[in-house]
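In: Below are the sequence and a predicted model; questions follow.
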Amino acid sequence: MDKVICLEALTKFYGETRALHNVDLTVQAGEVFGYLGPNGSGKTTTIRTLFDLIRPTSGRVTVLGLDSRTDAREIRRRVDYLPGDIALYERMTGHELLSYLANLRGGVDWDYVMQLTERFQCDLKSRIRTLSRGNRQKVGLIQAFMNRPELIIMDEPTAGLDTLMQQEFYALIDEVKAEGRTIFISSHFIPEVERICDRVGILREGELVTVEHISVLKDRALHQLEFRFAQPVPQDVFLGLPGVHEVLIEDSSVKCTFAGSPDAIVKTAVAYEIVGLKSHEASLEDVFLAFYRRSDTDVA
Ligand SMILES: Nc1ncnc2c1ncn2[C@@H]1O[C@H](COP(=O)(O)OP(=O)(O)OP(=O)(O)O)[C@@H](O)[C@H]1O
Ligand SMILES: [Mg+2]
């Protein structure tokens, strides 16, 4: 079983509103796949179709090889889900909720639940309605992880979590991945996506504008090296070097903006006396922003 999630020409209209248009996507077993896009681009809509919580207008969705429309029960039994707008049973305590959900599945490994509870410093004794947003989210995360499913689908899982809990979540994702299980998450937080995802899909206005490995997107990100030389260097020494996009020269300072390796730039620079050096790391944020903003005509 290689294809864990498969969307074929998935289209969804809410009345006149087009939420998804011809989305084709395959997620492979063992991947951590990030689903990104601006607000309203169709992420939640996509995720809800996977569980038959909404019906596609056209197209086909399979999860673990099962058809989302005809085999929804089986999908819900085998796949765990953390919705974005987590509406839990307010009057239950976290413990009661987890017991209830565990019973639906015919039991759970309580040792593992307790480990998760400790790691997320989660309060299972209070009624859910009394918990803060982040603390509710932790109960939601525990229910998504506790059955050790082969596929976990999460809609903005770290929304509301503090930095420490985010780190714990990332560590847990690494463990799930190491066990060969698959994770599909939507997110708005680029450093998180960079930290945990193997591949990402970027949606814009209901269309999937790119599906790419994080490493490929990183290679496209622009870095900057800024040299201060003892004397001005000739205008053109850095222009035309591999990966160089822009060279700005001011007196004896040179700013090189480049993608990929700095090797050629550094080897060229050492021919001159360097008195200062600054490096600005590329931000993936810029790469994503470009996808979010581009019109259809100029997508590379
Ligand atoms: N139940 C609904 N009825 C009508 N329109 C809807 C409904 N749910 C979503 N939409 C519309 O479908 C589009 C996609 O919404 P969706 O919630 O999938 O976006 P999203 O990518 O999850 O956004 P966000 O980042 O804000 O969570 C939006 O234009 C939204 O207004
Ligand atoms: Mg959403």
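Out: Alright, I've got the coordinates. Ligands and ions are numbered 1, 2, ... in the order given.
In: Domain-wise, how is the protein divided?
Out: The chain breaks down into these domains under automatic domain parsing: 3-217, 222-282.
In: May I see those domains arranged in a markdown table, with mean pLDDT, distance to Ala290 and mean neighbour count as well?
Out: Glycine gets a C-beta too; all of them are placed from N, C-alpha and C. Shown next, in a markdown table, are those (pLDDT from 0 to 100; distance: least, C-beta to C-beta, whole Å; neighbours: other C-beta atoms under 10 Å):
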| stretch | mean pLDDT | distance to Ala290 | mean neighbour count |
| --- | --- | --- | --- |
| domain 3-217 | 94 | 10 | 18 |
| domain 222-282 | 92 | 10 | 15 |
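In: And those domains: which comes nearest ligand 1?
Out: domain 3-217 (3.2 Å; C-beta to the nearest ligand atom).
In: tell me the residue furthest from the middle of the chain?
Out: No residue in the chain sits farther from the centre than Gln231, which is 45.8 Å out by C-alpha atoms, centre = their mean.
In: Can you name the residues that contact Asp2?
Out: Gln28, Ala29 (C-beta atoms under 8 Å, 6 or more residues apart in numbering).
In: Could I get the pLDDT score of it?
Out: We have a pLDDT of 83 for Asp2.
In: Who are the packing partners of the lengthiest helix in the chain?
Out: Longest helix in the chain by number of residues (criterion: DSSP state H): helix 163-178. Counting by 3 or more C-beta pairs under 8 Å, 6 or more residues apart in numbering; DSSP states H and E, the packing neighbours recorded for helix 163-178 are helix 110-119, helix 133-145, strand 182-187, helix 190-196.
In: Repeat the analysis, applying 7 Å as the threshold.
Out: Helix 163-178 sits against helix 133-145, strand 182-187, helix 190-196, with contacts defined as 3 or more C-beta pairs under 7 Å, 6 or more residues apart in numbering; DSSP states H and E.
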